[in-house]
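Undergrad: turn this into a structure:
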Amino acid sequence: MYNHRVFYCKDCTDCTLCNKCELCYGCVDCITCYNANFCVGCEQVVDSDYCYFSVNLQKCFGCVSLKGKQHCIFNQQYTPAEYEQKIAELKKLPKETIMEQLQPLLLKTPRPAMTGKHNTNSYGDHLYYGTNAYWAFDSKQLADSYYVYHCDDSKDLLDCSHLGWSENCYQIMSGGNLNNCTFCYGSWHSYNLDYCELVYNSHDCFMCVSLSKKEFHILNQPYSEADYHKKKTEIIQAMRADGSWGKWYASTFKEVITYGL
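TA: Numbering: from 1, shown residues only. The predicted structure is shown next:
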C-alpha cells in the first residue's frame, strides 16, 4: 500500500523505487530486501533497519556502505546476544532520534558515486544494463539515450521520463510502446505522434487528445493521408515562424487556432 514505482514486491508499504522486496516499510531504491525498514539504496538486506547503500546484510541497524555483514549497529560489529540487547533499546527511540545518531555516519562514510550494474559508456544513477546512456536515472535496458528518468527497455530517447519499450522519442512524459513520437504525454502503443496527449493504438496524429485506434488526425479531426501531411507541414511552418515549434505545448491548444484549422 501507498507505494510508488515498486515492481514484483509483496507486502510492502510506503516504499519507492523498490524491486523484488517483501515485508518492507519506508524503503527507497532497494532490491531483493526482506523485512527491511527505512533502508535506502540497499540490495539483499534482511531483517535490518535504517541501512544505506549496503549489500548482503542480515540483522543490521543504522549501517552505511557495508557488505556481507551480520549483527552490526552503526557499522560496529556485535555478538548476536549483544545485538539483540542493543536493538531492543534502539527500537524504543523515535525515528527522528535515530536519524540524528545516524547522520554523522552518513556524512563521513564513502559511498559509490553511481549505483548500477552492467553499464557501458553510461552515466547516471540507479542505471542497469545501459549502453551509451547519459544522465539516465532509475532506468534499465537503455541504449543511445540521454537525459532520461524512469525509462526502461528503450533506445534513442532524449529528454524523456516514465517511458518504456520505445524508440526514437523526444520530450515524452509517461507512456509505452511508442516509436518516432515527440512532445507527448500519457500515450501508448502508437507511432508518428506529435504534440499528443492520451492517444492510444494510433499513428500519424498531430495535436490530438484522448484518441484511440485513429490515424491521420489533426486536433482530433480526420484527414486523408495526403491532406494530413500537407496540413501538418503548413502548421509546422507557422510554428517555426513564431518560435513555438520544438517546444513543449502550453496548458491548452488555443494557440493553434491561428494556424488556419
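
Undergrad: check the gap between the residue nearest the centre of the chain and Gly26 for me.
TA: Note on the chain: the residue nearest the mean C-alpha position is His150, at 2.3 Å, using CA atoms, centre = their mean. Separation of His150 from Gly26 (CB to CB, to the nearest Å) stands at 20 Å. For every residue, glycine as well, the C-beta is placed using N, CA and C.

Undergrad: with Ser212 instead?
TA: Relative to Gly26, Ser212 is positioned 39 Å away (CB to CB).

Undergrad: neighbour count winner among the two?
TA: Neighbour count, other CB atoms under 10 Å: between Ser212 and Gly26, Gly26 has more, with 17 against 12.

Undergrad: strands of the stretch 51-200 of the chain, start to end?
TA: Assigned by DSSP state E, counting those that start in this stretch, the strands in the stretch 51-200 of the chain fall at 55-61, 70-73, 76-77, 116-117, 123-164, 167-194, 197-200.

Undergrad: from the contact counts, what lies against the fourth one?
TA: If you count contacts as 3 or more CB pairs under 8 Å, 6 or more residues apart in numbering; DSSP states H and E, strand 116-117 packs onto strand 123-164.

Undergrad: cool, and the fifth one?
TA: Contact partners of strand 123-164 among helices and strands, from 3+ CB pairs under 8 Å, 6+ apart: strand 116-117, strand 167-194.

Undergrad: which ones are touching the residue nearest to the centre of the chain?
TA: Taking CB atoms under 8 Å, 6 or more residues apart in numbering, we find His150 in contact with 5, 137-139, 161-163.

Undergrad: cool, Ile73 as well?
TA: 60-63, 83, 86-87, 90.

Undergrad: okay, and the beta partners of the residue lying closest to Ser212 once chain neighbours are set aside?
TA: Leaving aside its chain neighbours, Ser212 sits nearest to Tyr200 (4.5 Å; criterion: CB to CB, 6 or more residues apart in numbering). With DSSP bridges applied, Tyr200 shows beta-bridge pairing to Trp188, Ser212.

Undergrad: use 41 as the first number for this chain going forward.
TA: Done: numbering now begins at 41, and the last item shifts to Tyr240.

Undergrad: from memory Tyr240 sits against His229, does it?
TA: Yes. The pair Tyr240 / His229 is scored as a contact, 6.0 Å apart, by CB atoms under 8 Å.
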